[in-house]
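Asks: quick one, structure for this:
(chains A and B)
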Amino acid sequence: AQSVAQPEDQVNVAEGNPLTVKCTYSVSGNPYLFWYVQYPNRGLQFLLKYITGDNLVKGSYGFEAEFNKSQTSFHLKKPSALVSDSALYFCAVRPVFNAGNMLTFGGGTRLMVKP
Amino acid sequence: DTEVTQTPKHLVMGMTNKKSLKCEQHMGHRAMYWYKQKAKKPPELMFVYSYEKLSINESVPSRFSPECPNSSLLNLHLHALQPEDSALYLCASSQGTGGGSNQPQHFGDGTRLSIL
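Replies: Prediction:
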């Protein structure tokens, strides 16, 4: 069975500073990895995914994530945080050959960007 | 704007009521999902429909009854719910569910359900 860990319940960063939201995973075989963001009273919005190829994946709103197979990590990053980036972030994984497209989500990390 | 539309946005119902949640997508996706999300927690998968057929039921109580009338619509019929069923119910869709499918799921904004 697969699992995802987001070790930080909350990350605080000042506006303009770089941010990192951590994610590690456990899966049999190769993974597909996803990051989603959830703003208050909204559903989950897809940010980016890792399928194969380049370990650095670029996504929406200036976010990027780095896939590290040896460390089984997929950390979300942004060079310069905005107050509007404050939200709940979820990392998700599914094995490549998993019928049903069932995602396993991490517990979520609340990002607080202060002016 | 979200491409998956859910109605109503809010619903308050008593434990003896019958109500339905609706979800619609026009992206041509052939897989649709229902999730339950409690505050500050990740979504929990309830049901998966693939090509309008129920493919996964995550041991959900029978007081929740899904229905997929066509490839664009997904309903969740509710009856005799309990207070612990109060949550945000999210619908999602994706291009497919096949073993090699790497397309993301697209989520609606959910229905916030309160059981009195």
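Asks: okay, CA-based contacts and neighbour counts for the rest of this
Replies: Fine.
Asks: the worst-scoring helix or strand of chain B on mean pLDDT: which residues count as buried?
Replies: Within chain B, no helix or strand scores below strand B:53-57, which has a mean of 89 by mean pLDDT, DSSP states H and E. Within strand B:53-57, the residues scored as buried using 16 or more other C-alpha atoms under 10 Å in any protein chain shown are B:K53, B:L54.
Asks: cool, stretch A:7-20 as well?
Replies: So stretch A:7-20, judged by 16+ other C-alpha under 10 Å, has buried residues A:V13, A:E15, A:L19, A:T20.
Asks: same question for stretch A:107-115.
Replies: A:G107, A:G108, A:T109, A:R110, A:L111, A:M112, A:V113.
Asks: residues contacting the third one?
Replies: If you count contacts by C-alpha atoms under 8 Å, 6 or more residues apart in numbering or on different chains, A:T109 has them with A:Q6, A:E8, A:D9, A:Q10, A:V11, A:V21, A:L88, A:Y89, A:F90.
Asks: and the first one, by the same measure?
Replies: By C-alpha under 8 Å, 6+ apart, the contact list for A:G107 reads A:V4, A:A5, A:Q6, A:D9, A:F90, B:K41, B:P42.
Asks: switch to 6 Å and redo it
Replies: Taking C-alpha atoms under 6 Å, 6 or more residues apart in numbering or on different chains, we find A:G107 in contact with B:P42.
Asks: give me the element it is part of.
Replies: Assigned by DSSP states H and E, A:G107 belongs to no helix or strand.
Asks: ditto for the last one
Replies: Taking DSSP H and E as the definition, one finds A:V113 inside strand A:109-114.
Asks: in its sheet, what does that strand sit against?
Replies: According to DSSP bridges, strand A:109-114 has the following sheet partners: strand A:10-14 (parallel), strand A:87-95 (antiparallel).
Asks: now do the residue in chain A that chain B sits nearest to, the pLDDT please.
Replies: Among all residues of chain A, A:G43 sits closest to chain B, at 3.9 Å; criterion: C-alpha to the nearest C-alpha. With respect to pLDDT, A:G43 scores 95.
Asks: then A:M102?
Replies: pLDDT at A:M102 comes out at 84.
Asks: look up how far B:M46 lies from it.
Replies: Separation of A:M102 from B:M46 (C-alpha to C-alpha, to the nearest Å): 11 Å.
Asks: now swap in A:E64 and tell me
Replies: 30 Å.
Asks: what's the answer for A:N101, then?
Replies: From A:N101 to B:M46 the distance is 13 Å (C-alpha to C-alpha).
Asks: more neighbours: which of those two?
Replies: Per other C-alpha atoms under 10 Å in any protein chain shown, whichever of A:N101 and B:M46 has more neighbours is A:N101, with 26 against 19.
Asks: which outside residues touch the host helix or strand of B:Y33?
Replies: B:Y33 is part of strand B:31-37, with elements assigned from DSSP H and E. Residues outside strand B:31-37 that contact it (C-alpha under 6 Å, 6+ apart): B:43-50, B:87-94, B:96.
Asks: again, but for stretch A:40-55
Replies: Counting by C-alpha under 6 Å, 6+ apart, A:32-38, A:59-60, A:66-67, B:107-110 sit against stretch A:40-55.
Asks: let's go with 7 Å and repeat that
Replies: A:32-38, A:57-60, A:66-68, B:90, B:102, B:106-110 (C-alpha atoms under 7 Å, 6 or more residues apart in numbering or on different chains).
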